[in-house]
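Q: below: sequence and its predicted model.
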Amino acid sequence: MLYSSQAVAKPYFIAAIALFAVQVLFGLLLGMQYIPVNLPFISFITFDAARLIHTNLLIMWLLFGFMGSIYYIIPEESEQELYNPKLAIQLFWVFLSLTIITFLGYLLLSYATFAKITGNQFFPTMGREYLEQPTIIKLGLFIVLCGFSYNIAMTVLHGRKGMINLLLLAGIVGTTIIFLMAFYNPSNLVVAKYYRWWLIHFWIEGTWELIMEAILAYVIYKITGDRKIVEKWLYIIVAVTLTTTILGIGHHYYWIGVSEYWQWVGTVFSIFEILPFFFMVLFVFNVVNCTKCQYSNKAVKLWALSTPIMAFLGAGVLGFLHTLAPVNYYSHGTQITSAHSHLAFYSTYVMIVLTMISYAMPILRNRKIVNGGLSQRFEILAFWLMTVSMFFMALFIAIAGIMQVYIQRATDLALPFIEIQNSLMILYWLRSIGGVVFLIGVIIYITKFLIAKSNNL
Amino acid sequence: MKILTKPKYIYYSSLIVFVFLLLGLTIHTMIVLPQQDHRENLTPQIIQGKLIWEEHNCIGCHTLLGEGAYFAPELSNVYERRGGSHGGTYFIKAWLKAMPTNIPSRRQMPQFNLTEDELNALIAFLKWTSEINNSSWPPSKKG
């Protein structure tokens, strides 16, 4: 650790890992409700409440992960201490409280009650996918994002300005401004859906993608030590992201009741949205064979190399196939969407945060990395369990989706929705097994940190 | 030529070009939208129905215009699927009141205990949604 204020990243990483485990646990419950087995520990919670926890905790812990990563990277890249480390810790506790209140609200209250006691009727923003948090929680989250942006901006502006830290700053300021759209929920459903995507799309395929690219570039720079080549690639990747993603929003507008030309705009730009991921793969493979590299931690290299490959598959290829308007006409709103979002979220955002944690955590905890040590073997095992099981889960859900589309939308069989779903049961079973393996992976991943503590390996 | 190869100029110019294109398309979309969404039919009852839809987290299981969860059927066309003007309202109301069915190993929908007014508002919202002109999606009546 070059700067002592980088230490503020540590609580953020710990919170991210803990929330990740809870998110996966509730994901497994959701998968089991598909089967469905009526065991009390599964059916104690309704599907929609478990899904609220699964998706909302995902967003929250990824933000924790991004914040931790950015707090770690910024002082080093700006070559000075963080502007206000105390504020970073205060905001951590505020953000964690907001997350826990939201989690408990979803877990213990019915959603309608939660909406009532948080006064949703006075300023309705709840009940929209990914934006289910009570209005007051959204307000708190906005304040946290503002404080975070301020802290990062002051550090970057007073220090050395490089490609990586400027990009992170742009990413986090963009994320904050775009979040204002969460407060706009007009009573016309079509207009509401149109502008909701300005938030979801420009976060997940915009500013978050920029943050992901910057973190990847930073870790690759740390591995290779060659800033020039990293910045050259980052320059190309970011340029392609910016030019494709803005009108790529069109792929959300095919069937919500807006003009039909969005089908053309969305399809054409979505085809090119695969390019940033393609360049990321080229980038890591171009730099991986460096003979002069001093950096030796195998686990970090594994995460950093696999992230673009998996992102290319999950976000790039699956996204590309699914967002062509003629395909999307059939695949929209089926299990295919679920397959794509699982693999895309895992490969792009979960993996980049775990890459950064893999790199930074041993430094933050003052641990010596031993290649082949017990702690590292656990991490690599967890990597394979999680990545392979997620790949197969996405595969099974995708097959279920294709069969669902065929029976439900391409034939004249008069089967109702639920009968079609029952005919896909074997795939839902297989998916749940994938979920169990993934959870085992998460447990082994967490154990890795505990081993390091007791044995110093 | 140096100005062209500086990253920030490429970024600023592509951002400006594409943001303006997006804003232009958005303005056009919003101008022609009233012909597609039939907003002239929006009543306070439908707006109340949307709030009821949101406050019961219906997208936690269902999709509406394809967005939401894939655990339960698409509902943008449920009004038509269940009979439209010939009994759609009656069917949906009876359905919501009959939940949960408690049929073993079948996905269950909770009982939301909506009042008669709330049920009417929710169904009015679903009826209005079914009339949105959205390029004939979903492909099948089943959703």
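A: Cool, got the structure.

Q: mind listing the strands for chain B?
A: B:63-64, B:67-68 (DSSP state E).

Q: so where do the helices sit in chain B?
A: Along chain B, the stretches classed as helices by DSSP state H are B:2-5, B:7-37, B:44-55, B:78-81, B:88-98, B:116-130.

Q: tell me which of those sits nearest to chain A.
A: Closest approach to chain A among the helices of chain B is made by helix B:44-55 (2.7 Å; CB to the nearest CB). In this view, the C-beta of every residue, glycine as well, is placed from N, C-alpha and C.

Q: between that closest one and helix B:116-130, how many degrees?
A: Relative orientation of helix B:44-55 and helix B:116-130, computed by axes from the mean of the first three to the mean of the last three CA atoms, to 10 degrees: 90 degrees.

Q: avg pLDDT for helix B:44-55?
A: Per-residue pLDDT over helix B:44-55 has a mean of 97.

Q: which residues touch that helix?
A: A:111-112, A:115-116, A:120-121, A:124, A:126-128, A:185, A:187, A:189, B:64, B:114, B:118, B:120-126, B:128 (CB atoms under 8 Å, 6 or more residues apart in numbering or on different chains).

Q: if any of the residues you listed are buried, give me the ChimeraX selection for them.
A: Only the buried members of these enter the following ChimeraX selection, criterion being 16 or more other CB atoms under 10 Å in any protein chain shown:
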select /A:111,112,115,120,124,126,127,128,185,189 /B:64,114,118,120,121,122,123,124,125,126,128
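
Q: where does pLDDT dip in chain B?
A: B:1-5 (pLDDT under 70).

Q: who in the stretch 351-457 of chain A is up against chain B?
A: Selection of the stretch 351-457 of chain A residues close to chain B by CB under 8 Å from any CB of the partner chain yields A:Gln408, A:Arg409, A:Ala410, A:Leu415, A:Pro416, A:Phe417, A:Ile418, A:Ile420, A:Gln421.

Q: nearest to A:Arg377 among these?
A: The closest of those to A:Arg377 turns out to be A:Gln421 (CB to CB; 40.7 Å).

Q: if we can go back for a sec, nearest to chain A, of the strands of chain B?
A: Of those, nearest to chain A by CB to the nearest CB is strand B:63-64, at 4.3 Å.

Q: is that closest one positioned near chain A?
A: Yes - under the criterion of CB under 8 Å from any CB, strand B:63-64 makes contact with chain A via B:Thr63, B:Leu64.

Q: run the chain-centre distance for that strand.
A: How far strand B:63-64 lies from its chain's middle: 6 Å, per CA atoms, centre = their mean, to the nearest Å.

Q: what of stretch B:58-76?
A: That offset, for stretch B:58-76, works out to 8 Å (CA atoms, centre = their mean).

Q: domains of chain A?
A: Here the domain assignment for chain A is A:1-162, A:221-457, based on automatic domain parsing.

Q: the longest one - what's its average pLDDT?
A: Model confidence over domain A:221-457 averages 92 on the pLDDT scale.

Q: before we move on, what about the shortest one?
A: Averaged across domain A:1-162, the pLDDT comes to 95.

Q: so how far does it reach from one end to the other?
A: Distance between the boundary residues of domain A:1-162 (CA to CA, to the nearest Å) amounts to 19 Å.

Q: is any residue of it near chain B?
A: Yes - residues of domain A:1-162 contacting chain B under CB under 8 Å from any CB: A:33-34, A:36-38, A:46-49, A:51-52, A:111-112, A:115-116, A:120-121, A:124, A:126-129, A:132.

Q: dead centre of the chain: give me the residue that sits there.
A: You didn't say which chain, so I picked chain A. Nearest residue to the geometric centre of chain A (CA atoms, centre = their mean): A:Tyr349, 3.6 Å.

Q: list the residues that contact residue 137.
A: As the question left the chain open, I've gone with chain A. A:Leu98, A:Ile101, A:Thr102, A:Thr118.

Q: ah, I was thinking of chain B
A: Contacts of B:Trp137 (CB under 8 Å, 6+ apart): A:Tyr254, A:Trp255, A:Tyr329, A:His332, B:Leu65, B:Gly66.

Q: show me which of the residues you listed is closest to A:Leu58.
A: Closest to A:Leu58, out of all of the contacts of B:Trp137 and judged by CB to CB, is B:Gly66, at 20.6 Å.
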